[in-house]
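> A structural model of the following input is requested.
(one chain, ligands or ions: 1)
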Amino acid sequence: MKHSDFNNWLISLKTLSRGQLSLLLNLLQHPDSQNQTIQVIEKNNPPICSACGEPHPYRWGRQAGLQRYRCRSCGHTYTQLSNTPLARLRLKERWLVYSQALIEGLTVRKAAARCQIHKDTSFRWRHRFLELPNHSKPEQLSGIVEADETFFAKSFKGQRKLPRLAHKRGHMTHEVGTGTEKVPVLVIRDRQGVTTDFKLQIANTDSIEPLLKSTLARDAVLCSDGAAPYRMAAQHLGLTHHAVNLSKKIRVVSGAYHIQNVNAYDSRLKEWMFRFHGVATKYLENYLGWRRFLERWGKTLTPEIALTVALAKNNPFQLLTQT
Ligand SMILES: [Zn+2]
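So this is what the prediction gives:
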């Protein structure tokens, strides 16, 4: 570049917004970020044919910076990105910056500004990046296990068509969007910090019992606030159950049985969710998964790990325990 062109370019930098400047700095500091992203993709996803499972494909040129493959058996062509939630997303050099925005829990708009992408793109990226963390749940909780429900306001945020309200005879109908209707979420956490959660239609024995059955080890000891669904479920499943009696201010039974860990988790979850100003109920599980993921990794989480998990085809929870 000529001196004069360079000087003009420098002058033009003054017109950049703060977000643009910050992205530019990031790209200058990490000039290799597209290659880093490609490395993460190619390191973690073996080139197995996504159509038939054949594991030894031919190399077949390149596509968008990635090695392209052709299946020996069925002729399908693909890359190691093809079958992941991030397939067909563009601007790979910004994916690690976006992963960092997810770690920091930025809102859709702030993450869009950080990466200089449209807010609709930021929204699409968010839910693609969160698809696998959402679906990865620990298989079993054991030892002393605490269970409790927490509630989120029902929200149809972002939906063009509001669902028709069900009119029940003899019941007061809640208005849509007033925040009076709540969605219960069952949160279960053991003393190793392994946590899972489930969005419920309604919190009762019928909804809670099968979830406890599928999640808890047979010899787990259940702690709850003593509400009927837990008592009934524990009885049906033959689980040892300790109920704290908050109305009588009995918060700990026999020195060990309490629900303080799960309640503390719920508080952290609520406090963290506050920044999003109410999330659409449709996407609530993505946020729950996102929070579980942040809690599971804590300070050791890096953008590379977040991207690896977003791309992982196998259960990312297993991936967490391997590393
Ligand atoms: Zn194939």
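> For the helix or strand hosting Arg231, which helices and strands make contact with it?
Using DSSP states H and E, Arg231 maps to helix 228-237. In terms of contacts (3 or more C-beta pairs under 8 Å, 6 or more residues apart in numbering; DSSP states H and E), helix 228-237 is packed against helix 205-215, strand 221-224, strand 240-243. Placement of C-beta: from N, CA and C, glycine included.
> Let me know the angle separating it from helix 205-215.
For helix 228-237 against helix 205-215, the angle by axes from the mean of the first three to the mean of the last three C-alpha atoms, to 10 degrees is 50 degrees.
> closest to Phe293 out of the helices and strands packed on helix 228-237?
With C-beta to C-beta as the criterion, Phe293 lies closest to helix 205-215 of these, at 17.7 Å.
> How far off centre is the closest one?
Remark: helix 205-215 is offset 22 Å from the chain centroid, using C-alpha atoms, centre = their mean, to the nearest Å.
> ok, back up a step: got the CA positions of the helix holding Arg231 in CSV?
Coordinates of each C-alpha in helix 228-237 appear next as CSV, following Å, rounded to 0.1, in the frame of the first residue of the first chain:
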residue,chain,number,x,y,z
ALA,A,228,-46.3,-33.5,47.7
PRO,A,229,-44.8,-34.4,44.3
TYR,A,230,-41.4,-35.2,45.9
ARG,A,231,-42.9,-37.2,48.7
MET,A,232,-45.1,-39.2,46.4
ALA,A,233,-42.4,-39.7,43.8
ALA,A,234,-39.8,-40.8,46.5
GLN,A,235,-42.4,-43.3,47.9
HIS,A,236,-43.2,-44.8,44.5
LEU,A,237,-39.5,-45.0,43.5
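> just checking, Val183 touches Lys199?
Yes. Assessed by C-beta atoms under 8 Å, Val183 is found in contact with Lys199 at 6.3 Å.
> one step back: of the helices and strands packed on helix 228-237, which stretch is the most buried?
strand 221-224 (a mean of 24; mean count of other C-beta atoms under 10 Å).
> rewinding a little: so can I have TSV of the helices and strands packed on helix 228-237 showing mean pLDDT and distance to the ion?
TSV is the format used below for these (pLDDT from 0 to 100; distance: least, C-beta to the ion, whole Å):
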stretch	mean pLDDT	distance to the ion
helix 205-215	96	34
strand 221-224	96	47
strand 240-243	94	50
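> Reformat these as JSON lines; add distance to Ser136.
Formatted as JSON lines, the helices and strands packed on helix 228-237 follow (distance: least, C-beta to C-beta, whole Å):
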{"stretch": "helix 205-215", "distance to Ser136": "14"}
{"stretch": "strand 221-224", "distance to Ser136": "23"}
{"stretch": "strand 240-243", "distance to Ser136": "28"}
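> can you list residues touching both of Val183 and Lys199?
By C-beta atoms under 8 Å, 6 or more residues apart in numbering, Val183 and Lys199 have these common neighbours: 281, 284.
> Between the two, which has more neighbouring residues?
Val183 (17 against 13; other C-beta atoms under 10 Å).
> Can you list the strands that the helix or strand where the more buried one lies pairs with?
Val183 is part of strand 182-190 when elements are defined by DSSP H and E. The strands that strand 182-190 pairs with in its sheet are strand 144-153 (antiparallel), strand 195-199 (antiparallel) (by DSSP bridges).
> Could you check how far the longest one is from the centre of its chain?
Translated: strand 144-153. When C-alpha coordinates are averaged (C-alpha atoms, centre = their mean), strand 144-153 and its chain have centres 18 Å apart.
> buried sites along that strand?
144-150, 152 (16 or more other C-beta atoms under 10 Å).
> what mean pLDDT does it have?
Regarding strand 144-153, the rounded mean pLDDT is 96.
> Which pLDDT does the model give the residue nearest the centre of the chain?
Using C-alpha atoms, centre = their mean, the residue of the chain that lies closest to the mean C-alpha position is Trp290, 2.7 Å off. pLDDT recorded at Trp290 is 92.
> Could you check how far it is from the ion?
According to C-beta to the ion, to the nearest Å, Trp290 and the ion sit 33 Å apart.
> one step back: what does the helix holding Arg231 rub up against?
147, 203-205, 207-209, 212-213, 216, 222, 224, 239-241, 243.
> ok so, going back, look up the closest residue to the residue nearest to the centre of the chain, ignoring the ones flanking it.
Among residues not flanking Trp290 along the chain, Leu130 sits closest, at 5.3 Å (C-beta to C-beta, 6 or more residues apart in numbering).
> List the contacts of the one you found.
102, 286-287, 289-290, 310 are the contacts of Leu130 under C-beta under 8 Å, 6+ apart.
> Next step: the residues you listed restricted to helices.
102, 286-287, 289-290, 310 (DSSP state H).
> low-scoring stretches of the stretch 101-250 of the chain, by residue?
Scanning the stretch 101-250 of the chain for pLDDT under 70 picks out 162-179.
> Could you rerun that using 50?
Scanning the stretch 101-250 of the chain for pLDDT under 50 picks out 170-179.
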